[in-house]
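Participant: below are the sequence and a predicted model; questions follow.
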Amino acid sequence: MTLETIIETPAAAGAIIRARRSARGWSQQALADMAGVSRKFLIDLEAGHDRAELGKTLAVLAAVGLSLAATDPIPRGSDHDPARRDYAATFTRLIAERDFEFAIKMLADYATASLAAGAPLLQRSPRLKDTHWSAALAGITNYTAHRLGQPAPSWTRRIKPLDAAWMPAESYRSIRTPMKELTRAETPPELAALNVFIRERSLATA
């Protein structure tokens, strides 16, 4: 009979990862290297910090031979499959609801899914009324096309640069000057050309 442990808090997840790593005689750096994460991330994860990114957490769990389980089945269908998601409808809805924080997460989701699919998933214009988000999606579409060595969809050429620099994260929170400068420095040229600034590390997760 296999004993199951229910993980309900970040602290519990950190404790079991730390215990499994120690039992195998691995250093934090060794496990971080195997999971493809930074040692700082692993330190925070093992300490039970609640801001750990799920994707990286899953990579660490897999590296030590653990996985998450749920009693409910995984939802199926286009709403839950990034490769089949209707991103135009998704962004139209999120912007109308002013759910900008989740919209930013969807920008990264769109970039990651496009890179994984081998082509930008928005081959047609999303026809958003908001010029800022249209520019962001055009920039990311150009970015993913360039990463994949493909021409960008023609609709992106109709999107004009914004009149002023814009960081999507400022839609829902303030950003300090040092982070603004870092974001500008680490924004892919395809987005910067449209006056949209997002750090590449926030997009290139595939």
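Facilitator: Yep, that arrived. What you see is a predicted model; the values in this text were computed from it and never measured. Numbering: from 1, shown residues only.

Participant: tell me how far A169 lies from R93.
Facilitator: 20 Å (CB to CB, to the nearest Å). All C-beta spots, glycine's among them, are computed from the backbone N, C-alpha and C.

Participant: out of these two, which sits in the more crowded spot?
Facilitator: Higher neighbour count among A169 and R93: A169, with 19 against 12, using other CB atoms under 10 Å.

Participant: what residues are up against that one?
Facilitator: 104, 175, 183, 198 (CB atoms under 8 Å, 6 or more residues apart in numbering).

Participant: switch to 7 Å and redo it
Facilitator: A169 makes contact with 104, 175 under the criterion CB atoms under 7 Å, 6 or more residues apart in numbering.

Participant: does it sit in a helix, a strand or a coil?
Facilitator: Secondary structure, DSSP: H, G, I helix; E, B strand; the rest coil: A169 is helix.

Participant: how near is it to A108?
Facilitator: With CB to CB as the criterion, A169 and A108 are 11 Å apart.

Participant: likewise for S154?
Facilitator: 24 Å.

Participant: kindly report the same for R157.
Facilitator: Distance from R157 to A108, by CB to CB: 24 Å.

Participant: of the two, who's got more company?
Facilitator: Under the criterion of other CB under 10 Å, the comparison of R157 against A108 puts A108 first, with 17 against 10.

Participant: I'd say the more buried one and L203 touch.
Facilitator: Yes: the pair A108 / L203 is scored as a contact, 5.6 Å apart, by CB atoms under 7 Å.

Participant: so what sits against both of those two?
Facilitator: By CB under 7 Å, 6+ apart, no residue touches both A108 and L203.

Participant: and the contacts of stretch 14-31?
Facilitator: 5, 7, 39, 42-43, 45-48, 60-61, 63-64, 66.

Participant: quick one, phi psi at T57?
Facilitator: Backbone torsions of T57, given as degrees, to the nearest 10, read phi -60, psi -40.

Participant: so where's the chain uncertain?
Facilitator: For the chain, the stretches with pLDDT under 70 are 1-5, 50-52, 70-83, 204-206.

Participant: pretty sure N142 sits in a helix.
Facilitator: Yes: under three-state DSSP, N142 falls within a helix.
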